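Chemist: For reference, the sequence and a predicted model appear below.
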Amino acid sequence: MKKLIILLILLMLCLLLIAKEDYFIGKVQFVGNNTISDARLLKNLIIKPENLAQRLLFWKKTAAYTEMYLDDDIQRIIADYQREGFLNVKVEVKKEINAKTGKINLLYYIQEHNPILVNNIELEIISPTPEIQNSVMQFLVSNKENWPLQNNRRFRDADVFALRKVFFNLLLNRGFPSSDIEQEIIFTDKKKKVDVVYTISTGKLCKFGNITVLGNERTSTKVIKKQLSFQDKQYSQNLLQENQRRIQQLGVFKYVTMKSLLDQIESDRLPIEIFVQEMPEWSVKFGIGYGLEDRFRASVNLLKLNFLGDARSANVYIKHSYLEPYNLSLKITQPALFGPYNSLISKSFVKKEKESAYTLESFGSIMTFQNIITSSLSGFFSYRFERSLIDLANDIEDNPLKEYYNKSTVSQGMNFDDSEPAFYPDRGLFAAYSFSISGLKLKSKYHYVQGLIDIRKYNELWADLVFAGRVKLGAMKPIWGDQATPLEERFYAGGSTSIRGWSRSRVGPKNETGTPIGGNSYLEFSAELRQKIYKFVYLVVFMDAGNVWKEYNAHDLNELKYSPGAGLRFKTPIGPLRLDVAQPLWDEKSSVQIHLNIGHAF
């Protein structure tokens, strides 16, 4: 009877604790977790303290402590340890209740005990012939020292399945598309060690067979098959995926799928079915917006796919803004030229640019040969010829030109970009360089060389807090007897996507009346912290630094200009709507700058 009464009292206390809604989680701590970090254990719990973003949203009510989830969290910790090979782990929790603050601190005591070790890894190969069996055994064990599962190491579920995946992928890429792998765990030595036995049925050794293309209405089958490189070769999943990327690279398909028809294998030939979904033959995109620098802007982008056949595309682009009163271009792209990842791009343009120091009218053509080396790395080589007419501001006297002049320029560059996701990168690296030499024949007015490096890094520090950094370095120099570089090709800094404490182009050399005239040496640094504070709202703090110098190779870190600032980002399908406020440091002549635009500064 006494035991029943005590049990009822404990039950009532638990119910009272559950019913009390004004208790919240304070600290969650762990003791004895030598193998698994606090951060990993905490990540898997239901009951956890507030993170930084939740503390910033002080007006939003925090979820109350709920007792019923505590046992679930203990089981989650135990399961996490057992997956790591600690089958005998023990977990207890101690609660510290502070009635004054209304908070509960949780302290988990963990006894890991000794882990289970791997005693031996055995492979049993089932193949059509002894020759194939021996061959498979050789290439499976050839890289044994790099297996995720090793003898005399801790037994982990993840390693068992990772090694199974290694075997499966090796077989897929050595001509075995229909292999089957099973693993068995056998305890030995009083359950202190385990043997892991993989039974591998290889299936048939196959080559690529007949190829069928479906879904292509406007793009010829010949053009698609021209991208393929696996005909009559031994089956390989990697090779199949590589050819899928080759077809996608044509730029006329929404998606491309390649299916191995395992149920239609004839002898040793595996048929392949390619299905493509073509993009619309015609598409048009309209853009309209407003920025404090370019003011009202509007654009039209008309795209025609399969232009004159062979997967070519033709693109007509028209834009108007304050900075570009008109910009009209026609771009024709020929994909798969001299290789599946090469493209030849021809672009003709006529445009007008308006800056504080000049107004530039120009027309010409650019021919670019582009090579995609990997999914993240590409390179280009281009030639540009244009005729330009520059109308200098009234207070600019150097370089007075009253008629059209020629510019003949060769450029080369490379781009690496594995940053993602698009518009809102929180990880990865962007790095690019370009080098140009201008003045190659055709009565080119100016002769100069120019180089530019642009590096950006993105890293998520913790939940919804992203660090973004950028460095840009540029230099140009007149050559072959020239004394000056063209005003419109020089470097300028300051503005919405540059050093935000100054307005557009206001950092760097100026003439006697204060009009920016650009320079031949350029350096910029930027660092941002981007914190999500609501579903579609981000708070940003940043520091920009940099300068532009008149002469070539005149970079001086002691002459950098600095501007800290803060801003808001509002998430939209076309990129963030950006509002930034920045203050120049140690510059009494400059005032606070406000920038409104679409897209991150970098």
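Modeler: Arrived safely.

Chemist: contacts, neighbours, all on C-alpha from now
Modeler: Will do.

Chemist: got a pLDDT number for the closest residue in space to Pro478 that isn't next to it in sequence?
Modeler: Spatial nearest neighbour of Pro478, chain neighbours left out: Tyr448 (4.1 Å); criterion: Cα to Cα, 6 or more residues apart in numbering. On pLDDT, Tyr448 comes in at 97.

Chemist: Next, count neighbours for Tyr448.
Modeler: Around Tyr448 there are 22 other residues, counting by other Cα atoms under 10 Å.

Chemist: likewise Gln264?
Modeler: Residues near Gln264, counting by other Cα under 10 Å: 12.

Chemist: Report the contact partners of it.
Modeler: Residues near Gln264 by Cα atoms under 8 Å, 6 or more residues apart in numbering: 270-271.

Chemist: Got phi/psi on it?
Modeler: The phi/psi pair for Gln264 (degrees, to the nearest 10) reads phi -120, psi 30.

Chemist: go on, Asn88?
Modeler: phi -110, psi 20.

Chemist: mind listing what it touches?
Modeler: With Cα under 8 Å, 6+ apart, Asn88 has these contacts: 82, 112-115.

Chemist: which residues does Lys561 bridge with?
Modeler: Counting by DSSP bridges, Lys561 forms beta bridges with Gly546.

Chemist: Distance of it relative to Met543?
Modeler: Remark: distance between Lys561 and Met543 (Cα to Cα, to the nearest Å) = 11 Å.

Chemist: residue ranges for the helices of this protein, please.
Modeler: Using DSSP state H, the helices of the chain run over residues 2-19, 38-43, 52-56, 68-83, 130-141, 157-172, 221-225, 237-248.

Chemist: wait, which of the ones you listed is closest to Gly599?
Modeler: Among the helices of the chain, helix 52-56 comes nearest to Gly599, with 22.7 Å by Cα to Cα.

Chemist: Could you pull up the mean pLDDT of the closest one?
Modeler: 56.

Chemist: related to what we said a few turns ago, mean pLDDT lowest where, among the helices of the chain?
Modeler: helix 2-19 (a mean of 51).

Chemist: Columns mean neighbour count and distance to Glu524 on top of the helices of the chain, output as TSV?
Modeler: Below are the helices of the chain laid out as TSV (neighbours: other Cα atoms under 10 Å; distance: least, Cα to Cα, whole Å):
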stretch	mean neighbour count	distance to Glu524
helix 2-19	12	56
helix 38-43	13	36
helix 52-56	14	30
helix 68-83	16	46
helix 130-141	14	51
helix 157-172	17	44
helix 221-225	15	45
helix 237-248	18	36
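
Chemist: among the ones you listed, which is nearest Val592?
Modeler: helix 52-56 (26.1 Å).

Chemist: Report the spatially nearest residue to Glu524, omitting neighbours in sequence.
Modeler: Gly546 (4.1 Å).

Chemist: check contacts around that neighbour.
Modeler: 493, 499, 522-525, 560-562.

Chemist: Check Ala311 too.
Modeler: 219, 223, 250-252, 305, 334-335.

Chemist: Kindly recompute the last result at 10 Å.
Modeler: In this structure, Ala311 makes contact with 218-220, 223-224, 250-253, 305, 333-336, judged by Cα atoms under 10 Å, 6 or more residues apart in numbering.

Chemist: Out of the contacts of Asn88, which comes closest to Pro425?
Modeler: Gln82 (35.4 Å).

Chemist: which residues touch the closest one?
Modeler: Gln82 makes contacts with 76, 88-89, 112, 115-116, 155-157, as judged by Cα under 10 Å, 6+ apart.

Chemist: Export these to JSON lines and append columns for distance to Asp587.
Modeler: As requested, the contacts of Gln82 are exported to JSON lines (distance: Cα to Cα, whole Å):
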{"residue": "Arg76", "distance to Asp587": "57"}
{"residue": "Asn88", "distance to Asp587": "66"}
{"residue": "Val89", "distance to Asp587": "63"}
{"residue": "Glu112", "distance to Asp587": "60"}
{"residue": "Pro115", "distance to Asp587": "63"}
{"residue": "Ile116", "distance to Asp587": "66"}
{"residue": "Phe155", "distance to Asp587": "63"}
{"residue": "Arg156", "distance to Asp587": "60"}
{"residue": "Asp157", "distance to Asp587": "61"}
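
Chemist: re the thing from before, selection in ChimeraX covering whichever of the contacts of Ala311 are buried, please.
Modeler: The following ChimeraX line selects those of these that are buried, judged by 16 or more other Cα atoms under 10 Å:
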select :219,224,250,251,252,253,305,333,334,335,336
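
Chemist: Return the subset of the contacts of Ala311 lying in strands.
Modeler: Using DSSP state E, the subset of the contacts of Ala311 located in strands is 253, 305, 333-335.

Chemist: out of those residues, who's nearest Ala484?
Modeler: Nearest to Ala484 among the ones in strands among the contacts of Ala311, with distances taken as Cα to Cα, is Thr333, at 35.3 Å.

Chemist: residues near the closest residue in space to the closest one that isn't next to it in sequence, how many?
Modeler: In this structure, Thr333 finds its nearest non-sequential neighbour in Ile345, 4.5 Å apart by Cα to Cα, 6+ apart. Here the number of neighbours of Ile345 (other Cα under 10 Å) works out to 19.

Chemist: isn't Ile345 right up against Arg384?
Modeler: No - using Cα atoms under 10 Å, Ile345 makes no contact with Arg384, being 11.7 Å away.

Chemist: Touching both of these two, which residues are there?
Modeler: 366-368.

Chemist: In this structure the residue nearest to Pro478 contacts Ile437, no?
Modeler: Yes - using Cα under 10 Å, Tyr448 makes contact with Ile437 at a distance of 5.9 Å.

Chemist: Can you tell me which of the contacts of Asn88 comes closest to Asn406?
Modeler: Nearest member of these to Asn406, counting by Cα to Cα, is Gln82, at 72.8 Å.
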